[in-house]
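Visitor: the following block contains a protein sequence and its predicted model.
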Amino acid sequence: AQKVTQAQTEISVVEKEDVTLDCVYETRDTTYYLFWYKQPPSGELVFLIRRNSFDEQNEISGRYSWNFQKSTSSFNFTITASQVVDSAVYFCALSENNQGGKLIFGQGTELSVKP
Amino acid sequence: DVKVTQSSRYLVKRTGEKVFLECVQDMDHENMFWYRQDPGLGLRLIYFSYDVKMKEKGDIPEGYSVSREKKERFSLILESASTNQTSMYLCASSTLAGGPDGELFFGEGSRLTVL
């Protein structure tokens, strides 16, 4: 069965520190998709990135980077030089090829960046 | 600007009341979803719909029903609210054309308290 685990419930850092949010997934499919969403205090989840199972290239977008490793079933998210505006709950999610867009979410990691 | 709108941000209801949570999207999306968000559990899928008048059970459908009479509107119904349904409810939509890696667009959430 599919499952997404975010073992870190809460992380607190000081501004400008780098922080990595862990995500481990389980799936029997060979074709699947991984996502990260950000939920700021306003409540609305915001899409950050998606990756398909055939593309293990790491991605960087500004201060954000993602490390996808099929060998360890992990899709970790790093914020470099964190800022107070990065404070939010971050969710990792999995979609399988035959599930028509349904996402299975992890438990979420609450990141608090202090000035 | 694309939008998923949930009718109520905050509701307080009494045990046994019938509760309607409304969700409207303006993106002509085929897929619509209702998730429930609880601390430590992440987002869990309640029901989803791929088309008008179609509905599929998610992972936790017990105690809920849904209605999709028009493409843009997806309603979640609690026939007889109970205290264990106190939660944040999130509506989302996506386009079928996006396939299994399609991005979900979320509303801001409806926080329901059942007394």
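Guide: Perfect, I can see it now.
Visitor: near chain A, which residues of chain B?
Guide: With CB under 8 Å from any CB of the partner chain as the criterion, chain B meets chain A at residues B:9, B:31, B:33, B:35, B:40-45, B:48, B:50, B:58, B:88, B:90, B:92, B:94, B:96, B:98-109. Heads up, the C-betas are built off the backbone N, CA and C, glycines and all.
Visitor: just the buried ones among those residues, please.
Guide: Among the residues of chain B next to chain A, those scoring as buried are B:31, B:33, B:35, B:42-45, B:48, B:58, B:88, B:90, B:92, B:94, B:100-109 (criterion: 16 or more other CB atoms under 10 Å in any protein chain shown).
Visitor: where are the low-confidence patches of chain A?
Guide: The model of chain A has pLDDT under 70 over residues A:97-101.
Visitor: now with 90, please.
Guide: Residues of chain A that meet the criterion pLDDT under 90 lie in A:1-2, A:29-33, A:41-44, A:50-61, A:95-103.
Visitor: again with chain B
Guide: Chain B contains residues with pLDDT under 90 at B:1-3, B:7-8, B:27, B:30, B:39-40, B:50-51, B:53-54, B:94-105.
Visitor: please, where are all the strands along it?
Guide: When secondary structure is read from DSSP state E, chain B shows strands at B:4-6, B:10-13, B:19-21, B:23-25, B:31-38, B:42-49, B:56-57, B:65-70, B:73-78, B:87-94, B:105-106, B:110-114.
Visitor: flag every buried residue along the first one.
Guide: Judged by neighbour count using 16+ other CB under 10 Å, the buried positions of strand B:4-6 are B:4, B:6.
Visitor: who does that strand pair up with?
Guide: Here strand B:4-6 has these sheet partners by DSSP bridges: strand B:23-25 (antiparallel).
Visitor: list the buried residues of the partner strand.
Guide: Buried residues in strand B:23-25, counted by 16+ other CB under 10 Å: B:23, B:24, B:25.
Visitor: report the distance from that strand to the chain centre.
Guide: How far strand B:23-25 lies from its chain's middle: 9 Å, per CA atoms, centre = their mean, to the nearest Å.
Visitor: residue nearest the centroid of chain B?
Guide: residue B:34 (2.7 Å; CA atoms, centre = their mean).
Visitor: quick check: that one touching residue B:93?
Guide: No. The criterion here is CB atoms under 8 Å, and residue B:34 misses it with residue B:93 at 10.6 Å.
Visitor: shared neighbours of the two, which are they?
Guide: Jointly contacting residue B:34 and residue B:93 under the rule CB atoms under 8 Å, 6 or more residues apart in numbering or on different chains are residue B:74.
Visitor: which residues of chain A lie near chain B?
Guide: Checking chain A against chain B by CB under 8 Å from any CB, the hits are A:4, A:6, A:9, A:31-33, A:35, A:37, A:42-47, A:50, A:52, A:91, A:93, A:95-108.
Visitor: again, only this time at 6 Å
Guide: A:33, A:43-45, A:47, A:50, A:52, A:95, A:97, A:101, A:105-108 (CB under 6 Å from any CB of the partner chain).
Visitor: just the buried residues from the residues you listed, in PyMOL please.
Guide: Selection command for PyMOL covering only the buried members of the residues of chain A next to chain B, criterion 16+ other CB under 10 Å:
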select buried, chain A and resi 33+43+44+45+50+52+95+97+101+105+106+107+108
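Visitor: kindly check the end-to-end length of stretch B:46-55 for me.
Guide: With CA to CA, to the nearest Å as the measure, stretch B:46-55 spans 11 Å from end to end.
Visitor: equivalent analysis for stretch A:7-25, please.
Guide: 11 Å.
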